[in-house]
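[1] Sharing a model prediction with you, sequence too.
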Amino acid sequence: MPHILRAADRPEDAPRTIKFEGGPYGAAISFFAVVSDPGKRVGLHVHPYTETWMVQEGTVSFRAGEQTVEAGPGDIMVVEPETPHGFENIGDGVLKMMCIHDGPRITQTFLDPADA
């Protein structure tokens with residue numbers, strides 16, 4: 001039987017970014033459905049698995065290892081396990097993207113404790 005998680009069931013004061021961990025639902029992936037205002041960022045962190053980002057709306061600056069890439073709608077970036085990475089909304093409007101985690105739970109370690 002499929003599991004349905006309805007948006008209407010989310011609390012009114014829930015953050016705009018949705019965190020979903022698939023394990024409790026029998027799924028082998030997890031994700032963040034990011035909604036981020038201009039200038040907002042997520043600091044450098046690592047995962048023990050691959051992460052895939054797909055930009056849906058806006059402009060983002062991704063940093064992965066020593067590489068920094070600007071991306072927009074339709075762009076996809078894949079980051080290997082244990083690679084330090086983070087992102088910042090560098091556009092004038094909202095950033096919407098999916099951050100797909102290759103695991104049933106989200107496991108991330110921030111490299112600067114101030115970013116956690």
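    Arrived safely.
[2] switch to C-alpha atoms for all contacts and neighbour counts from now on
    Fine.
[3] For Phe62, give its distance to Asp9.
    Plainly put, Phe62 is 32 Å away from Asp9 if you go by C-alpha to C-alpha, to the nearest Å.
[4] of those two, who's got more company?
    Phe62 (21 against 7; other C-alpha atoms under 10 Å).
[5] Confirm that that one sits in a strand.
    Yes - applying DSSP: H, G, I helix; E, B strand; the rest coil, one finds Phe62 inside a strand.
[6] residue closest to the middle of this protein?
    The centre of the chain sits closest to Cys99, judged by C-alpha atoms, centre = their mean, with a distance of 3.3 Å.
[7] so where do the helices sit in this protein?
    Here the chain has no helices by DSSP state H.
[8] Which parts of it are strands?
    Ranges of strands within the chain are 18-21, 30-36, 41-46, 51-57, 60-64, 67-71, 76-79, 85-89, 95-101, 109-110, based on DSSP state E.
[9] Columns mean pLDDT and distance to Pro2 on top of the ones you listed, output as CSV?
    Shown next, in CSV, are the strands of the chain (pLDDT from 0 to 100; distance: least, C-alpha to C-alpha, whole Å):
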stretch, mean pLDDT, distance to Pro2
strand 18-21, 93, 15
strand 30-36, 95, 16
strand 41-46, 95, 31
strand 51-57, 97, 24
strand 60-64, 97, 34
strand 67-71, 96, 34
strand 76-79, 96, 28
strand 85-89, 96, 33
strand 95-101, 97, 20
strand 109-110, 94, 31
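[10] Just send the ones you listed back as JSON lines, with distance to His3 too.
    Output for the strands of the chain, formatted as JSON lines (distance: least, C-alpha to C-alpha, whole Å):
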{"stretch": "strand 18-21", "distance to His3": "13"}
{"stretch": "strand 30-36", "distance to His3": "14"}
{"stretch": "strand 41-46", "distance to His3": "29"}
{"stretch": "strand 51-57", "distance to His3": "23"}
{"stretch": "strand 60-64", "distance to His3": "32"}
{"stretch": "strand 67-71", "distance to His3": "33"}
{"stretch": "strand 76-79", "distance to His3": "27"}
{"stretch": "strand 85-89", "distance to His3": "31"}
{"stretch": "strand 95-101", "distance to His3": "19"}
{"stretch": "strand 109-110", "distance to His3": "29"}
